[in-house]
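J.: Sequence and predicted structure, then a few things I'm wondering about:
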Amino acid sequence: MRIKLINPNTTASMTELMGEAARAVAAPGTDIVLATSRSGAASIEGHYDEALSVLGTIDEILEGNAADAYVIGCFGDPGLLAAREITGAPVIGIAEAAMHAATFIATSFSIVTTLERTRVISEQLVRNYGMQDHCRRVRATDVPVLDLEKPGSSARAIILDECEKALREDRAEAIVLGCAGMADLAKYLEGRLGVPVIDGVAAAVKFAEAIVGMGLRTSKVGDLAYPLPKPYVGKLSSYAPTELFPMTKRQSAERFAISG
Ligand code: 2AL
(Lines give C-alpha, C1' and ligand atoms only; values in the text may rest on other atoms or scores of the structure.)
Protein backbone atom coordinates (compact mmCIF):
# COMPACT_ATOMS: atom_id res chain seq x y z
CA MET A 1 0.00 0.00 0.00
CA ARG A 2 1.20 3.51 -0.83
CA ILE A 3 0.47 6.30 1.65
CA LYS A 4 1.45 9.78 0.51
CA LEU A 5 2.36 11.95 3.49
CA ILE A 6 2.00 15.58 2.46
CA ASN A 7 3.66 18.34 4.44
CA PRO A 8 1.58 21.43 3.59
CA ASN A 9 4.44 23.70 4.64
CA THR A 10 7.48 24.10 2.43
CA THR A 11 10.18 23.09 4.93
CA ALA A 12 11.69 19.85 3.61
CA SER A 13 13.55 19.04 6.85
CA MET A 14 10.20 18.94 8.65
CA THR A 15 8.88 16.53 6.04
CA GLU A 16 11.85 14.24 6.73
CA LEU A 17 11.16 14.38 10.47
CA MET A 18 7.51 13.47 9.83
CA GLY A 19 8.64 10.70 7.48
CA GLU A 20 10.73 9.10 10.22
CA ALA A 21 7.72 9.07 12.56
CA ALA A 22 5.53 7.62 9.80
CA ARG A 23 7.98 4.88 8.80
CA ALA A 24 8.57 3.92 12.44
CA VAL A 25 4.94 2.79 12.74
CA ALA A 26 4.10 1.76 9.16
CA ALA A 27 3.34 -1.90 8.49
CA PRO A 28 5.96 -3.87 6.50
CA GLY A 29 3.92 -3.65 3.27
CA THR A 30 3.33 0.09 3.52
CA ASP A 31 5.31 2.45 1.34
CA ILE A 32 5.41 5.98 2.79
CA VAL A 33 5.87 8.52 -0.01
CA LEU A 34 6.90 11.94 1.28
CA ALA A 35 5.88 15.21 -0.35
CA THR A 36 6.78 18.74 0.68
CA SER A 37 4.42 21.38 -0.66
CA ARG A 38 5.99 23.28 -3.55
CA SER A 39 4.07 26.48 -2.84
CA GLY A 40 3.21 28.42 0.28
CA ALA A 41 4.59 29.19 3.71
CA ALA A 42 7.69 27.79 5.39
CA SER A 43 5.55 27.12 8.46
CA ILE A 44 1.81 27.24 9.01
CA GLU A 45 0.95 29.43 11.95
CA GLY A 46 -2.36 31.09 11.21
CA HIS A 47 -5.48 31.21 9.07
CA TYR A 48 -3.76 32.95 6.14
CA ASP A 49 -0.87 30.44 6.05
CA GLU A 50 -3.44 27.64 6.22
CA ALA A 51 -5.68 28.98 3.47
CA LEU A 52 -2.79 29.46 1.06
CA SER A 53 -1.32 26.04 1.87
CA VAL A 54 -4.31 24.24 0.43
CA LEU A 55 -3.32 24.63 -3.23
CA GLY A 56 0.02 22.96 -2.58
CA THR A 57 -1.76 20.02 -0.97
CA ILE A 58 -4.20 19.77 -3.89
CA ASP A 59 -1.23 19.73 -6.30
CA GLU A 60 0.30 16.82 -4.38
CA ILE A 61 -2.92 14.83 -4.59
CA LEU A 62 -3.67 15.51 -8.25
CA GLU A 63 -0.16 15.27 -9.64
CA GLY A 64 2.25 12.35 -9.78
CA ASN A 65 1.43 8.74 -9.06
CA ALA A 66 -1.83 8.10 -7.24
CA ALA A 67 -1.62 6.79 -3.68
CA ASP A 68 -3.95 4.44 -1.79
CA ALA A 69 -4.37 7.09 0.91
CA TYR A 70 -3.16 10.60 1.71
CA VAL A 71 -2.18 12.14 5.04
CA ILE A 72 -2.26 15.92 5.53
CA GLY A 73 0.66 16.53 7.88
CA CYS A 74 -0.24 19.79 9.56
CA PHE A 75 -2.17 20.01 12.82
CA GLY A 76 -4.76 22.47 11.47
CA ASP A 77 -5.82 19.79 8.95
CA PRO A 78 -5.85 22.56 6.30
CA GLY A 79 -8.00 21.78 3.28
CA LEU A 80 -9.00 18.35 4.59
CA LEU A 81 -12.55 18.33 3.21
CA ALA A 82 -11.48 19.93 -0.10
CA ALA A 83 -8.85 17.20 -0.43
CA ARG A 84 -11.50 14.55 0.20
CA GLU A 85 -13.59 16.01 -2.63
CA ILE A 86 -10.91 15.58 -5.27
CA THR A 87 -10.04 11.94 -4.73
CA GLY A 88 -11.78 8.72 -3.78
CA ALA A 89 -8.73 7.59 -1.83
CA PRO A 90 -9.03 8.18 1.94
CA VAL A 91 -7.49 11.45 3.16
CA ILE A 92 -6.65 11.64 6.88
CA GLY A 93 -5.74 14.78 8.83
CA ILE A 94 -3.22 14.47 11.65
CA ALA A 95 -5.33 16.47 14.13
CA GLU A 96 -8.44 14.36 13.62
CA ALA A 97 -6.35 11.17 13.74
CA ALA A 98 -4.59 12.19 16.96
CA MET A 99 -7.80 13.21 18.72
CA HIS A 100 -9.62 10.04 17.71
CA ALA A 101 -6.66 7.88 18.78
CA ALA A 102 -6.64 9.64 22.16
CA THR A 103 -10.28 8.71 22.80
CA PHE A 104 -9.45 5.01 22.44
CA ILE A 105 -6.95 5.08 25.29
CA ALA A 106 -8.09 7.87 27.60
CA THR A 107 -11.31 9.65 28.48
CA SER A 108 -9.62 13.04 28.42
CA PHE A 109 -6.69 14.73 26.70
CA SER A 110 -5.15 18.16 26.35
CA ILE A 111 -3.56 19.47 23.17
CA VAL A 112 -0.15 21.13 23.45
CA THR A 113 0.54 23.29 20.42
CA THR A 114 2.83 26.01 19.12
CA LEU A 115 2.05 29.74 18.89
CA GLU A 116 -0.75 31.25 20.96
CA ARG A 117 -2.33 32.50 17.73
CA THR A 118 -2.82 28.92 16.52
CA ARG A 119 -4.80 27.97 19.64
CA VAL A 120 -8.12 28.99 18.11
CA ILE A 121 -7.47 26.74 15.10
CA SER A 122 -7.13 23.72 17.38
CA GLU A 123 -10.16 24.81 19.42
CA GLN A 124 -12.25 25.00 16.25
CA LEU A 125 -11.10 21.51 15.26
CA VAL A 126 -12.06 20.16 18.68
CA ARG A 127 -15.59 21.44 18.07
CA ASN A 128 -15.68 20.30 14.41
CA TYR A 129 -14.67 16.77 15.39
CA GLY A 130 -17.13 16.64 18.33
CA MET A 131 -14.28 16.29 20.83
CA GLN A 132 -15.55 18.85 23.38
CA ASP A 133 -16.30 16.12 25.93
CA HIS A 134 -12.79 14.68 25.58
CA CYS A 135 -10.47 17.67 25.12
CA ARG A 136 -9.84 19.32 28.48
CA ARG A 137 -7.87 22.26 27.08
CA VAL A 138 -5.77 23.51 24.19
CA ARG A 139 -2.46 24.79 25.52
CA ALA A 140 -0.23 27.05 23.44
CA THR A 141 3.49 27.25 24.18
CA ASP A 142 4.38 30.24 21.97
CA VAL A 143 7.10 28.10 20.39
CA PRO A 144 7.32 29.01 16.66
CA VAL A 145 7.05 25.94 14.40
CA LEU A 146 10.52 26.30 12.92
CA ASP A 147 12.09 26.60 16.40
CA LEU A 148 11.12 22.96 16.96
CA GLU A 149 14.03 21.87 14.81
CA LYS A 150 16.55 24.60 15.69
CA PRO A 151 19.59 23.14 17.44
CA GLY A 152 19.91 24.50 20.96
CA SER A 153 16.36 25.85 21.09
CA SER A 154 14.48 25.57 24.37
CA ALA A 155 11.41 24.21 22.57
CA ARG A 156 11.63 20.72 24.05
CA ALA A 157 11.85 21.99 27.65
CA ILE A 158 8.99 24.46 27.13
CA ILE A 159 6.77 21.74 25.64
CA LEU A 160 7.57 19.32 28.48
CA ASP A 161 6.72 22.01 31.00
CA GLU A 162 3.36 22.71 29.29
CA CYS A 163 2.54 18.99 29.18
CA GLU A 164 3.25 18.72 32.92
CA LYS A 165 0.86 21.62 33.51
CA ALA A 166 -1.77 19.83 31.40
CA LEU A 167 -1.55 16.76 33.63
CA ARG A 168 -1.60 18.80 36.83
CA GLU A 169 -4.03 21.60 36.04
CA ASP A 170 -6.32 20.03 33.40
CA ARG A 171 -6.23 16.51 34.86
CA ALA A 172 -5.63 15.33 31.29
CA GLU A 173 -4.99 11.60 30.96
CA ALA A 174 -3.21 11.87 27.61
CA ILE A 175 -1.42 14.52 25.57
CA VAL A 176 -2.07 15.25 21.91
CA LEU A 177 0.85 16.98 20.21
CA GLY A 178 -0.42 20.01 18.30
CA CYS A 179 2.13 20.22 15.51
CA ALA A 180 3.60 17.81 12.96
CA GLY A 181 7.03 19.19 13.82
CA MET A 182 6.67 17.65 17.31
CA ALA A 183 6.48 14.10 15.90
CA ASP A 184 9.96 13.24 17.19
CA LEU A 185 9.07 14.31 20.74
CA ALA A 186 6.29 11.81 21.43
CA LYS A 187 8.36 8.98 22.90
CA TYR A 188 10.64 11.34 24.87
CA LEU A 189 7.63 13.09 26.41
CA GLU A 190 5.83 9.82 27.12
CA GLY A 191 8.90 8.62 29.03
CA ARG A 192 8.97 11.78 31.12
CA LEU A 193 5.23 12.14 31.70
CA GLY A 194 4.07 8.57 32.19
CA VAL A 195 0.89 9.10 30.13
CA PRO A 196 0.16 8.36 26.46
CA VAL A 197 1.48 11.08 24.12
CA ILE A 198 -0.08 11.00 20.67
CA ASP A 199 1.66 12.20 17.55
CA GLY A 200 -0.88 12.77 14.79
CA VAL A 201 1.48 11.74 11.99
CA ALA A 202 1.86 8.21 13.37
CA ALA A 203 -1.87 8.05 14.21
CA ALA A 204 -2.88 9.17 10.71
CA VAL A 205 -0.64 6.58 9.04
CA LYS A 206 -2.12 3.78 11.13
CA PHE A 207 -5.71 4.95 10.50
CA ALA A 208 -4.94 5.24 6.77
CA GLU A 209 -3.67 1.64 6.78
CA ALA A 210 -6.81 0.53 8.61
CA ILE A 211 -9.26 2.31 6.28
CA VAL A 212 -7.47 1.08 3.14
CA GLY A 213 -7.16 -2.39 4.68
CA MET A 214 -10.94 -2.48 5.13
CA GLY A 215 -11.36 -1.58 1.46
CA LEU A 216 -13.07 1.72 2.32
CA ARG A 217 -13.01 4.84 0.18
CA THR A 218 -14.38 8.36 0.56
CA SER A 219 -18.14 8.63 -0.01
CA LYS A 220 -19.01 10.37 -3.26
CA VAL A 221 -22.74 10.80 -2.79
CA GLY A 222 -22.88 14.05 -0.80
CA ASP A 223 -20.66 17.02 -0.05
CA LEU A 224 -17.51 14.98 -0.70
CA ALA A 225 -18.56 14.22 -4.29
CA TYR A 226 -16.07 15.36 -6.93
CA PRO A 227 -16.23 19.15 -7.40
CA LEU A 228 -18.73 20.34 -9.99
CA PRO A 229 -17.13 21.19 -13.34
CA LYS A 230 -17.16 24.95 -13.90
CA PRO A 231 -14.79 27.63 -15.13
CA TYR A 232 -12.33 29.18 -12.70
CA VAL A 233 -10.68 32.43 -13.75
CA GLY A 234 -7.50 34.34 -13.02
CA LYS A 235 -4.61 32.75 -11.15
CA LEU A 236 -6.75 29.73 -10.29
CA SER A 237 -7.95 28.90 -13.82
CA SER A 238 -5.79 25.76 -13.94
CA TYR A 239 -7.57 24.45 -10.83
CA ALA A 240 -10.99 24.43 -12.52
CA PRO A 241 -12.68 21.07 -11.91
CA THR A 242 -13.39 19.25 -15.17
CA GLU A 243 -15.74 16.41 -15.95
CA LEU A 244 -12.60 14.26 -16.04
CA PHE A 245 -12.22 14.17 -12.26
CA PRO A 246 -10.88 12.01 -10.65
CA MET A 247 -8.22 11.88 -13.32
CA THR A 248 -5.00 13.48 -12.23
CA LYS A 249 -4.11 16.88 -13.65
CA ARG A 250 -1.35 15.18 -15.61
CA GLN A 251 -3.71 12.63 -17.13
CA SER A 252 -6.29 15.27 -18.02
CA ALA A 253 -3.63 17.44 -19.67
CA GLU A 254 -2.62 14.42 -21.77
CA ARG A 255 -6.27 13.70 -22.63
CA PHE A 256 -6.86 17.31 -23.74
CA ALA A 257 -3.65 17.26 -25.76
CA ILE A 258 -4.83 14.13 -27.58
CA SER A 259 -8.44 15.26 -28.16
CA GLY A 260 -7.49 18.88 -28.97
C1 2AL B 1 1.59 23.35 12.22
C2 2AL B 1 2.03 22.08 11.75
O3 2AL B 1 1.64 20.99 12.18
N4 2AL B 1 2.92 22.33 10.76
C5 2AL B 1 3.01 23.67 10.59
O6 2AL B 1 3.72 24.26 9.76
N7 2AL B 1 2.18 24.27 11.51
N8 2AL B 1 0.65 23.49 13.21
C9 2AL B 1 0.81 24.26 14.33
N10 2AL B 1 -0.21 24.36 15.19
O11 2AL B 1 1.84 24.86 14.53
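T.: Sure, I can see it. Numbers count the residues shown, from 1 in each chain.

J.: can you list the residues of the stretch 1-150 of the chain near the ligand?
T.: Asn9, Ser43, Ile44, Glu45, Cys74, Phe75, Gly76, Thr113, Thr114, Thr118, Val145 (Cβ under 6 Å from any ligand atom). Using the backbone N, CA and C atoms, a C-beta is placed for each residue, glycine as well.

J.: same thing but 8 Å
T.: The interface of the stretch 1-150 of the chain toward the ligand, taken as Cβ under 8 Å from any ligand atom, is made up of 7-9, 11, 14, 41-45, 49, 73-76, 94, 113-115, 118, 121-122, 145.

J.: Which of those fall in helices?
T.: Judged by DSSP state H, these include Met14, Asp49, Ile94, Ile121, Ser122 as members of helices.

J.: Can you lay out the residues you listed as CSV showing pLDDT and neighbour count?
T.: Formatted as CSV, these follow (pLDDT from 0 to 100; neighbours: other Cβ atoms under 10 Å):
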residue, pLDDT, neighbour count
Met14, 98, 24
Asp49, 98, 20
Ile94, 99, 32
Ile121, 98, 23
Ser122, 98, 24
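
J.: tell me which of these is nearest to Lys220?
T.: Lowest distance from Lys220 to these (Cβ to Cβ) belongs to Ile94, with 23.8 Å.

J.: What residues does Val91 make contact with?
T.: Val91 is in contact with Ile61, Ala69, Tyr70, Val71, Ile72, Leu80, Ala83, Arg84, Thr218, counting by Cβ atoms under 8 Å, 6 or more residues apart in numbering.

J.: same deal with Pro90?
T.: Residues near Pro90 by Cβ under 8 Å, 6+ apart: Asp68, Ala69, Tyr70, Ala208, Ile211, Val212, Leu216, Arg217, Thr218.

J.: Equivalent analysis for Asp142, please.
T.: Going by Cβ under 8 Å, 6+ apart, Asp142 touches Thr114, Leu115, Glu116, Ile158.

J.: how close does it get to Glu116?
T.: Remark: distance between Asp142 and Glu116 (Cβ to Cβ, to the nearest Å) = 5 Å.

J.: now do Thr57
T.: 25 Å.

J.: who's more crowded, these two?
T.: Ranked by neighbour count (other Cβ atoms under 10 Å), Thr57 and Glu116 place Thr57 first, with 27 against 11.

J.: And the helix or strand encompassing the more buried one, what does it pack against?
T.: Applying DSSP states H and E as the criterion places Thr57 in helix 47-62. In terms of contact count using 3 or more Cβ pairs under 8 Å, 6 or more residues apart in numbering; DSSP states H and E, helix 47-62 is assigned the packing partners strand 2-7, strand 69-72, helix 80-85, helix 249-259.

J.: rerun at 7 Å
T.: strand 2-7, helix 80-85 (3 or more Cβ pairs under 7 Å, 6 or more residues apart in numbering; DSSP states H and E).

J.: Buried ones from the contacts of Asp142, can you make that a ChimeraX selection?
T.: Selection of the buried residues among the contacts of Asp142 in ChimeraX, burial being defined by 16 or more other Cβ atoms under 10 Å:
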select :114,115
